[in-house]
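S.K.: turn this into a model:
(one chain, ligands or ions: 1)
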Amino acid sequence: MDRDQFRSAAHAAIDDIIGYFDNIPNQRVLPTIAPGYLRPQIPSSPPNQPESWSTIQADVHSQIKPGLTQWQSPNFMAFFPATVTYPSILGEMYSAAFNAPAFNWLCSPACTELETVMMDWMAQALHLPGCFLSTSENKGGGVIQMSASDVVATVMIAARERRVHAQAKSEGLKEGTTDYEDRVMDLRPRLVALSSTQAHSSTAKAALLAGTRYRSIPVELGNDMSLTGAELRGMLENLDADNLTPYFITLCFGSTNSCAVDRFREITEVLKEKPHWQQIWVHIDAAYAGAALIADEWQFIAKDFEEGVDSFNVNMHKWLLVNFDASLLYVRNRNDLTDFLDITPAYLRNPFSESGQVIDYRNWSIPLGRRFRALKIWFVMRSYGLDGMTAFVRKGISLGETFAGLIRSRGDLFEIVTKPAFGLVVFRIKAAGSRPNGEANGALVNGSNGLVQPDEKSDAVTKEVYELINARGEIFITSTVMAGIYAIRVVSANERAEEKFIKRAFEIIVATAEEVLLKKA
Ligand code: PLP
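M.R.: Residues are numbered from 1 along each chain as shown. Predicted coordinates for the structure are as follows:
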């Protein structure tokens, strides 16, 4: 493809992309194809002769589009949203053109320097404490990674190293000796990473990658599935009794199941109680809900991160108008990463890095090469302004409140399982004659403590309603199991979400619930 062919192909692709977005609300949100649909349509071997862009583009229409789940559809209410906007697409285009895997500052100074500035812009936008700014005296700062999973794996490995090296040094061993190395290796098998049962599975996976143990701490519906200080203390005391060493904890700021927010202040107070608990690395997973910090009314949460929090993560690609991938990691002390992730062979040495005046982001993450992701953040922040970004986040929360109100208005059919939060509503269908905790009182499900109780009949009805709705494909929702309760999750923070779509989703859910309940009557 030469420059003229690129120009016309790019124009055609952009027209096509605009048409795709315009047409999304009319598309079925879930594809109708069967597994394996694509292979028979694509030649089994690559072409020997060049093909024209028009031929390739035609295949995007006929072969790829039918197999897409429409994440940008206003009827996509599943998982968490994955936003994409025109300025972020422009950022991707420039990033693709510059194609600079800027692992060191020298590889393309603009990539590193824009990333540092954008991370500081976002820290301010989210009202994070000053300790996370790159200009802070404590050597804080941020780095853009691919995903929240990469982030938690990176910080957990750094936390493991920080813990074992501090221990070996505190025992008077000298770094570089065999005794020191042996001690570091001996300590690792006793290490335990922690989170509540509600943390995203990426924390368990990170522990697997870090080669340490992992324990999840049960939480209660009565606390809206938030981890409390007392629950953490209980786990830490058990680990002490078993002679195990907790070294890392993920705290939820918007859990995947229900957007639970752990009791940060209570937890960091508990961690002060014993010197070895103070060494635990505290990581906040705010992958989705952290976006809410952009709005003044949620700022109070960020105050809890002033003390006792080592790292914080939010995905701009979920709810902040930047397309995948843009996962922001902030650390209180960059040395916690660079002390352990800086492996510098001769070919990576250069005077700028040696001078210590520049940031080499390869030492803040696992991969060496990295994409120029700061551009799309820059474009989005400038195109929307903080006012536009804040208005967008507030709209998602407000639509969630509308949806929760609709669900509450049909108390005969539905029960809300956890407090609706950040545009997510978790509820279940009430089965007729369901019995709380198996008691034969015939009352509908809410237990005497006002909490939704586990109930097999309601589980079965809810599951059937959920499966029927997704099979019909007018809206796409997800289900979950929490505190032994099968529930439906509806998220209203999609970029194209509007009240009329939320209301239509509610009508579909009501009609399907009534249909299933009638069948079972
Ligand atoms: N944390 C939370 C709360 C999530 O909901 C998710 C995914 O939805 C993740 C982490 C993992 O995100 P990623 O795909 O960026 O690894």
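S.K.: can you give me the pLDDT of residue 486?
M.R.: Residue 486 carries a pLDDT value of 98.
S.K.: same question, residue 443
M.R.: Looking at residue 443, its pLDDT reads 39.
S.K.: helix or strand: which one has residue 252?
M.R.: strand 245-252 (DSSP states H and E).
S.K.: check whether that strand contacts the ligand.
M.R.: No: against the ligand, strand 245-252 shows no contacts by Cβ under 6 Å from any ligand atom, the least distance being 6.6 Å. In short, each C-beta sits where N, CA and C put it, glycine included.
S.K.: name the helices or strands packed onto that strand?
M.R.: The elements that strand 245-252 packs onto, with contact taken as 3 or more Cβ pairs under 8 Å, 6 or more residues apart in numbering; DSSP states H and E, are helix 148-170, strand 191-196, helix 229-241, helix 264-271, strand 281-285.
S.K.: the helices in the stretch 51-200 of the chain, which residues?
M.R.: All helices of the stretch 51-200 of the chain, identified by DSSP state H, counting those that start in this stretch, fall at 53-59, 86-98, 109-125, 148-170, 178-187.
S.K.: which one of those helices is the most hemmed in?
M.R.: Highest mean neighbour count among these (mean count of other Cβ atoms under 10 Å): helix 148-170, with a mean of 22.
S.K.: for that helix, output the C-alpha coordinates as CSV.
M.R.: Extracted as CSV, the C-alpha positions of helix 148-170 are listed here (Å, rounded to 0.1, in the frame of the first residue of the first chain):
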residue,chain,number,x,y,z
ALA,A,148,-5.6,-4.0,35.7
SER,A,149,-4.4,-7.6,35.6
ASP,A,150,-0.9,-6.5,34.5
VAL,A,151,-1.0,-3.8,37.1
VAL,A,152,-1.7,-6.2,40.0
ALA,A,153,0.8,-8.7,38.8
THR,A,154,3.5,-6.0,38.6
VAL,A,155,2.9,-4.5,42.0
MET,A,156,2.5,-7.9,43.6
ILE,A,157,5.9,-9.0,42.3
ALA,A,158,7.4,-5.8,43.5
ALA,A,159,5.7,-6.2,46.9
ARG,A,160,7.1,-9.8,47.2
GLU,A,161,10.6,-8.5,46.6
ARG,A,162,10.3,-5.6,48.9
ARG,A,163,9.1,-7.9,51.7
VAL,A,164,11.7,-10.6,51.4
HIS,A,165,14.7,-8.2,50.8
ALA,A,166,13.6,-6.0,53.8
GLN,A,167,13.5,-9.2,56.0
ALA,A,168,16.9,-10.5,54.8
LYS,A,169,18.4,-7.1,55.5
SER,A,170,16.8,-6.8,58.9
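S.K.: other SSEs contacting it?
M.R.: Contacts defined by 3+ Cβ pairs under 8 Å, 6+ apart place helix 148-170 against helix 178-187, strand 191-196, helix 202-210, strand 245-252, strand 281-285, strand 311-315, strand 327-331, helix 335-341.
S.K.: nearest to residue 359, of these?
M.R.: Relative to residue 359, the nearest member of those by Cβ to Cβ is helix 335-341, separated by 9.1 Å.
S.K.: how far does that closest one sit from its chain's centre?
M.R.: When distances are taken as Cα atoms, centre = their mean, to the nearest Å, helix 335-341 is centred 24 Å away from the chain's centroid.
S.K.: before we move on, the earlier item: got TSV for the helices and strands packed on strand 245-252, with mean pLDDT too?
M.R.: Listed next are the helices and strands packed on strand 245-252 as TSV, based on pLDDT from 0 to 100:
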stretch	mean pLDDT
helix 148-170	98
strand 191-196	98
helix 229-241	98
helix 264-271	98
strand 281-285	98
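S.K.: so which of those gets nearest the ligand?
M.R.: The ligand lies closest, by Cβ to the nearest ligand atom, to one member of these: helix 148-170, at 3.3 Å.
S.K.: the closest one vs strand 191-196, what angle?
M.R.: Using axes from the mean of the first three to the mean of the last three Cα atoms, to 10 degrees, the inter-axis angle of helix 148-170 relative to strand 191-196 is 140 degrees.
S.K.: any weak-confidence spans in the protein?
M.R.: Across the chain, the ranges flagged by pLDDT under 70 are 434-448.
S.K.: so the residue lying closest to residue 484 once chain neighbours are set aside is in which element?
M.R.: Nearest in space to residue 484, with sequence neighbours left out and distances taken as Cβ to Cβ, 6 or more residues apart in numbering, is residue 454 at 3.9 Å. Residue 454 belongs to no helix or strand when assigned by DSSP H and E.
S.K.: need phi/psi at residue 454.
M.R.: Per-residue torsions, residue 454: phi -60, psi 140 (degrees, to the nearest 10).
S.K.: for the ligand, see how far away it is.
M.R.: Relative to the ligand, residue 454 is positioned 24 Å away (Cβ to the nearest ligand atom, to the nearest Å).
S.K.: that residue contacts residue 487, doesn't it?
M.R.: No: in this structure residue 454 lies outside contact range of residue 487 using Cβ atoms under 8 Å: 10.9 Å.
S.K.: pick out whichever of the two has more residues nearby.
M.R.: Applying other Cβ atoms under 10 Å to residue 454 and residue 487 shows that residue 487 carries more neighbours, namely 27 against 17.
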